[in-house]
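**Student:** when you get a sec, could you give me coordinates for this:
(one chain, ligands or ions: 2)
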Amino acid sequence: MASLISAVVPVIDFNNKDLKQGTSAWDSTMKQMCHGLEEFGCFIALYAGVPPELDDAIFKAADELFDLPTEIKSQNVNDKPYHGYVGQVSIIPLHEGLGIDNATDPEEVGKFTKLMWPHGNDHFGEVAYSYSTKVAELDHMVVRMIFENYGVEKHYDSHVASKSYLLRFLKYRAPETIDQGDNAIPRHTDKTFLSILHQNRINGLEIKTKEGEWIGFDLPPNAFVVMAGDAIMGWSNDRIRSCDHRVAMKASTTRYTLGLFSFLSGIVQVPQELVDENHPLKYKPFDNVAMIHFYASDEGRKHEYTVKAYCGIETSVV
Ligand SMILES: O=C(O)CCC(=O)C(=O)O
Ligand SMILES: [Fe+2]
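**Tutor:** Ligands and ions are numbered 1, 2, ... in the order given. As a prediction, this is how the structure comes out:
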C-alpha cells in the first residue's frame, strides 16, 4: 500500500511570470527541478500552458476515442513497441491505450485522425495537436533548464532537433475487485528521455523512492508529472535516474492519463562534459528506439534499469 506523501517530490510552478533565463527565479527552479529528477526521477510541474478549455476538450476527446469499436482502435499499429494500440491484454485487464507518433506534426495527427474517423473529425485533430504542442513547450523549458544545470547548453539545439513526441491516450477502467486495481499497470521504467503525464483528476500513479517505499500523488488539476526515462538516465551518465513507477486503480470511475513521451533519434552519447574523474563513463553510445525493442524482448524485461542492461559499460548487450 503506497502512502500519499507527494509533498517530498518537488512541485514547481511554471506559471511564474518571472521565470526567465538569467533570473534568480530561473536558477532556483532549475536546481529544485534537477534535485527532483536526481532523487525521485520526477517532479510535478504546475503549468497553465494547457488552458482549462483545452484540458476539458482533450479528456472529452479521450472519451470519444476509446468509445470507437475495437476493430478501429486496433488499426493504430506501429513498428515501435508500445507505440500503437494496447488493449484486451489479460495481465492488465483494466488498461487500454492508443498512440499518435510525432504528435507535434499536424500531418501525423491528421493521419491518425483519418484512421480512427475515415469520415473526418477535425475537432479531435485540432485538440490533440494543440495539446501536444502546448505540453512540448513545457518539455522544451524543462530540457533547457536540465542542459543549463549540467553545463551542456551547447548541445541543446541538436538535442531538440533529434527528438520526437509520442502522445498516448491511456485509459483505466474502474476495478471490479481490489486486487484487480493494484496492478493496473505493473512497475516499470519508461524508455523515454522524459515522459510528461497528465491525469483527469483521478489519482493512481505511484513511484518508488530510493529507499524502496512506494508513494502516491494527490495531484491538483493543472499538474503535470515530469518523469525521467531510461534514455535520460544513460545520457546524463547516471546523474538522473529513471523513475520506477506503476498505476494502482482504486477509483470507481474511469481514469485517463495523457502521456507525452519524448524519444531521441540517431545515436545518443553521454556529453563529454558529464564524464570526469568522479563520474567515469557508464554508458556506450546507444540507439533509443533499439533500446525499446530490447525491452520488448524476454531478456530485456528482466532488468530493473533497461539502459544499464542494454548499453551500460561492462553489463551491456550491445
Ligand atoms: O497513467 C499513468 O499515470 C502512468 C502511465 C505509464 O506509466 C505509462 O504509460 O508508461
Ligand atoms: Fe510509465
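**Student:** burial check on Gly41, number of neighbours?
**Tutor:** 26 (other C-beta atoms under 10 Å). Quick note: C-beta positions are derived from backbone N, CA and C, even for glycine.
**Student:** contacting residues around it?
**Tutor:** Thr189, Ile207, Met227, Ala228, Ile240, Arg241, Ser242, Cys243, Asp244 (C-beta atoms under 8 Å, 6 or more residues apart in numbering).
**Student:** wait, the second one sits on Trp214?
**Tutor:** It stands for Ile207. Yes: Ile207 lies in contact with Trp214 (C-beta atoms under 8 Å); the separation is 7.3 Å.
**Student:** what about those two, which has more around it?
**Tutor:** Shown here are Ile207 and Trp214; by other C-beta under 10 Å, Ile207 has more neighbours (22 against 16).
**Student:** tell me the spacing between the more buried one and Thr189.
**Tutor:** The gap separating Ile207 from Thr189 is 10 Å, by C-beta to C-beta, to the nearest Å.
**Student:** list residues touching both of the two?
**Tutor:** Gly41, Cys243, Asp244, His245.
**Student:** ok, the third one - contacts?
**Tutor:** For Asp244, the set of contacting residues under the criterion of C-beta under 8 Å, 6+ apart consists of Gly41, Arg187, His188, Thr189, Ile207, Lys208, Glu304.
**Student:** next up, phi/psi of the residue nearest to Gly87 when sequence neighbours are not counted, please.
**Tutor:** Using C-beta to C-beta, 6 or more residues apart in numbering and skipping residues adjacent in sequence, the residue nearest Gly87 is Glu96, 4.0 Å away. Main-chain dihedrals, Glu96, degrees, to the nearest 10: phi -150, psi 140.
**Student:** gap between Glu96 and Met116?
**Tutor:** 14 Å.
**Student:** so Gly259 bridges to which residues?
**Tutor:** Arg168, Leu197 (DSSP bridges).
**Student:** count of residues packed around it?
**Tutor:** 21.
**Student:** repeat that for the one 4 residues further on.
**Tutor:** Counted with other C-beta under 10 Å, the burial measure for Phe263 works out to 24 neighbours.
**Student:** which intervals of the stretch 1-150 of the chain have sub-threshold pLDDT?
**Tutor:** 1-7 (pLDDT under 70).
**Student:** give me the residue from the stretch 101-250 of the chain nearest ligand 1.
**Tutor:** Leu205 (3.8 Å; C-beta to the nearest ligand atom).
**Student:** that residue and Gly216 touch, don't they?
**Tutor:** Yes: the pair Leu205 and Gly216 passes the contact test of C-beta under 8 Å, sitting 7.1 Å apart.
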